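Undergrad: could you look at this predicted model? Sequence included:
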Amino acid sequence: MVFSLLALGVAAACCAPAASAQEPADTYFSVAVTENGHNHAGANKLFLDFQSAPFSLPDSNLGLVVSREVALGTITLDGSAADWDPANTMLFTGVVQDNHPLSETLDAQPTVIQINSVWDAQNVYFLLQWQDSGHNASLRSGKWIFGDQGHGEAGWNKQVHIGAVAGTPNANAINRNHTLAGSESEDRVFFMFPIVDTENNFTDAGRGCAFYCHGNLAAQTSYTNYTGDGYSVMHTNMLNDTADIWHWRAARTEPSGVADDKYLGYAVGTGSGRFADSGTSSYSSNSLTGANPTSMHSSGLSYLGERLFDYDTTPFAGIPNVGNEIPSNISHTPTGSRADVATAAFFNPSTNMWTVEFRRARDTGNLDDHQFTGAALAGPTNPLLQSGNTINGQAVYEFNCIGCHQPQGAGHQSGGLWAFPRVQRASSSMIHAAIHTVPMMMVFSSYLSDQEIEDVATYLQQQEYFRPTLEISNLVGGSLAAFTVGGAEPGDMVYFAYSLAGAGPTVTPRGISVDLSAPVSLIGSSIQAGSDGTATLQMTIPGRAVGRHVWVQGVVRRGNQFFPSMLVNMFVQ
């Protein structure tokens, strides 16, 4: 009997800490993954429950991640899950968190994510695993390619984004046929932990990082597939609030074995609140100096590797040939607080699965980090958001939102500015931010559930149709008025029509649905859109029309397709 007890004691010593350490402090946090770009899917709020034995199980319904105590040395950062207990893995479907700017890269796809966590006397560890939506490791972020890449390129240019890959989840992206404005990017993981949270976003009733996503859709005036950089940003909303960011990047940070340690701070409008922790970065840009990249691999222009370390660089030299390639990022050993988060990763080409391990000290002593110290928290009671239902989302949208944001979320412009912005492909995070910050939308926060909002977002993420704009100037009896349609493509034919009876809809004899009540009449002749995608028709308004209420719409014809513009209704002056 004594022998068996001693044997049990030896067995316990090899698998668990000799004496339980002080548990780290529980916390809410956010996590997301991306595929070859910035668009990401994940959870805007999970709960991290630190436990000493005996352990309970994680709960995917509540988004509860259990972090188990282990002995020092249990976890080795090697990109393998072999030293992790699979029974402690929580599996959840990450919902789309952001797609902006639209069509810079492929839209995010809902992604099944496996997360595990442990802690010891010194560190906190995470294991993330997921199947990449493009079934590739995406290690060629912005790589310099010399010569034509199939689009008439000359000289050195960033590698064109490879786009959707047939037979993979990202082939389902609604923008799979768009010409993507961004260059080839990389896979990423994003963690966020609260530092100062007076807005209570990282609480049971809060919405995590959702309120920190600011699409600034009203500032985007483009009616094109690509809405442009500089609008969609992240920042906190209260002056002193901050959050810790761990940003792992397959091409830029993983060569140095770290995640980029940053923090989120306060900003307003389109101002970015993302700031670097103190210290130096794990990568720098190998930008062009004149016509060529500043540096190249010391082995010469024949080098085809994806990584370029600072100790392997040499100033550019030689005459490049078509097809030569040079990494656009140079890897370094980071320093200071920016080097706090160690990582190791492995991409399995047989399963298309990423395995990424993270390790960080429980308490770094840095003000720009979340510290895993303090009192324990009560666990979550609100369920984790589930993937949305498109049919229900359309019904909710058409009952509550269509009057302002128009069919399919196309938005409504007036005078070249958004009266109600385009909301296509928005995430639930953006919707939450809007209904809690835009005064005329706050009423929806009182009766739309979180799941209904996710349903609406799921519906909007399937909408890519955008309406051409219509502007009317000088609608004055006896004067020359101008009707201008924008957002067409060069060479499109544009027609103008009006009604004195109302806003329709009416299906014309050619089967075109217009937002005009019968009878519908054409204004003048069709106009071909110019190189800027606009077409303007001028005509003199009859004097007898003064005081009449008129509804006007443009229709863009592109081959056999017809695209009605936004409807404008005005009184003739």
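TA: Arrived safely.
Undergrad: surely N61 is in a strand?
TA: No: counting by DSSP: H, G, I helix; E, B strand; the rest coil, one finds N61 to be coil, located in no strand.
Undergrad: thought L385 was touching it, still the case?
TA: No: in this structure N61 lies outside contact range of L385 using C-beta atoms under 8 Å: 10.9 Å. To be clear about C-beta, it is placed using only N, CA and C from the backbone, and glycine gets the same treatment.
Undergrad: where do the strands of the stretch 451-573 of the chain begin and end?
TA: Using DSSP state E, counting those that start in this stretch, the strands of the stretch 451-573 of the chain run over 469-473, 480-486, 493-499, 506-507, 513-514, 521-522, 527-528, 535-540, 549-558, 561-564, 568-571.
Undergrad: need those in CSV with mean pLDDT, can you?
TA: Listed next are the strands of the stretch 451-573 of the chain as CSV, based on pLDDT from 0 to 100:
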stretch, mean pLDDT
strand 469-473, 87
strand 480-486, 92
strand 493-499, 95
strand 506-507, 90
strand 513-514, 88
strand 521-522, 93
strand 527-528, 95
strand 535-540, 95
strand 549-558, 93
strand 561-564, 87
strand 568-571, 90
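Undergrad: the ones you listed into TSV, with extra columns for distance to P255 and mean neighbour count?
TA: Output for the strands of the stretch 451-573 of the chain, formatted as TSV (distance: least, C-beta to C-beta, whole Å; neighbours: other C-beta atoms under 10 Å):
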stretch	distance to P255	mean neighbour count
strand 469-473	46	19
strand 480-486	45	20
strand 493-499	51	22
strand 506-507	59	14
strand 513-514	54	18
strand 521-522	62	11
strand 527-528	52	16
strand 535-540	51	16
strand 549-558	45	20
strand 561-564	46	17
strand 568-571	54	15
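Undergrad: closest to G393 out of those?
TA: G393 sits nearest to strand 513-514 of all those, at 22.2 Å, using C-beta to C-beta.
Undergrad: coming back round to it: just want to know which of N61 and L385 has more residues nearby.
TA: L385 (22 against 10; other C-beta atoms under 10 Å).
Undergrad: any idea how many residues pack against the closest residue to the more buried one other than its chain neighbours?
TA: Closest residue to L385 apart from its sequence neighbours, by C-beta to C-beta, 6 or more residues apart in numbering: E454 at 5.2 Å. E454 has 24 neighbouring residues, counting by other C-beta under 10 Å.
Undergrad: and for G230?
TA: Neighbour tally, G230, other C-beta under 10 Å: 12.
Undergrad: the residue nearest to D241 when sequence neighbours are not counted: what's it in contact with?
TA: Excluding the flanking residues, the one nearest D241 by C-beta to C-beta, 6+ apart is V196, at 5.1 Å. By C-beta atoms under 8 Å, 6 or more residues apart in numbering, V196 lies in contact with 240-242.
Undergrad: how about the contacts made by D26?
TA: D26 neighbours (C-beta under 8 Å, 6+ apart): 47-50, 376-377, 379.
Undergrad: now swap in T458 and tell me
TA: Listed by C-beta under 8 Å, 6+ apart, the contact set of T458 reads 95-96, 387-390, 393.
Undergrad: could you rerun that using 7 Å?
TA: Contacts here follow C-beta atoms under 7 Å, 6 or more residues apart in numbering; on that basis T458 touches 387-390, 393.
Undergrad: what's the ChimeraX syntax to select whichever of those are buried?
TA: Typed into ChimeraX, the line below selects the buried ones among those, using 16 or more other C-beta atoms under 10 Å:
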select :388,389,393
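Undergrad: and which of the contacts of T458 is nearest D310?
TA: Using C-beta to C-beta, these come closest to D310 at S387, 43.0 Å.
Undergrad: I figured that closest one hits T93, correct?
TA: Yes: using C-beta atoms under 7 Å, S387 is in contact with T93, at 5.3 Å.
Undergrad: give me the buried subset of the contacts of V196.
TA: By 16+ other C-beta under 10 Å, the contacts of V196 give 241-242 as buried.
Undergrad: in JSON lines, list the contacts of V196 along with secondary structure, distance to I402 and pLDDT.
TA: Formatted as JSON lines, these follow (DSSP: H, G, I helix; E, B strand; the rest coil; distance: C-beta to C-beta, whole Å; pLDDT from 0 to 100):
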{"residue": "N240", "secondary structure": "coil", "distance to I402": "39", "pLDDT": "97"}
{"residue": "D241", "secondary structure": "coil", "distance to I402": "35", "pLDDT": "98"}
{"residue": "T242", "secondary structure": "strand", "distance to I402": "38", "pLDDT": "98"}
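Undergrad: can you tell me which of the contacts of V196 is closest to V31?
TA: Taking the contacts of V196 together and measuring to V31 by C-beta to C-beta, the closest member is T242, at 18.2 Å.
Undergrad: what residues does that closest one make contact with?
TA: 195-196, 236, 263-265.
Undergrad: how about a cut-off of 6 Å?
TA: Contacts for T242 (C-beta atoms under 6 Å, 6 or more residues apart in numbering) come out as 195-196, 263, 265.
Undergrad: quick revisit: tell me the phi and psi of the residue nearest to D241?
TA: Note on V196: its backbone torsions stand at phi -120, psi 130 [degrees, to the nearest 10].
Undergrad: equivalent analysis for P315, please.
TA: Per-residue torsions, P315: phi -60, psi 140 (degrees, to the nearest 10).
Undergrad: count the residues that sit near the residue lying closest to it once chain neighbours are set aside.
TA: Excluding the flanking residues, the one nearest P315 by C-beta to C-beta, 6+ apart is S295, at 6.3 Å. With neighbours defined by other C-beta under 10 Å, the count for S295 comes to 20.
Undergrad: over to the one 5 residues further on?
TA: Burial measure for G300: 11 neighbouring residues, criterion other C-beta under 10 Å.
Undergrad: please name the nearest non-neighbouring residue to it.
TA: Looking at G300 with C-beta to C-beta, 6+ apart, the closest residue is G318, at 6.7 Å.
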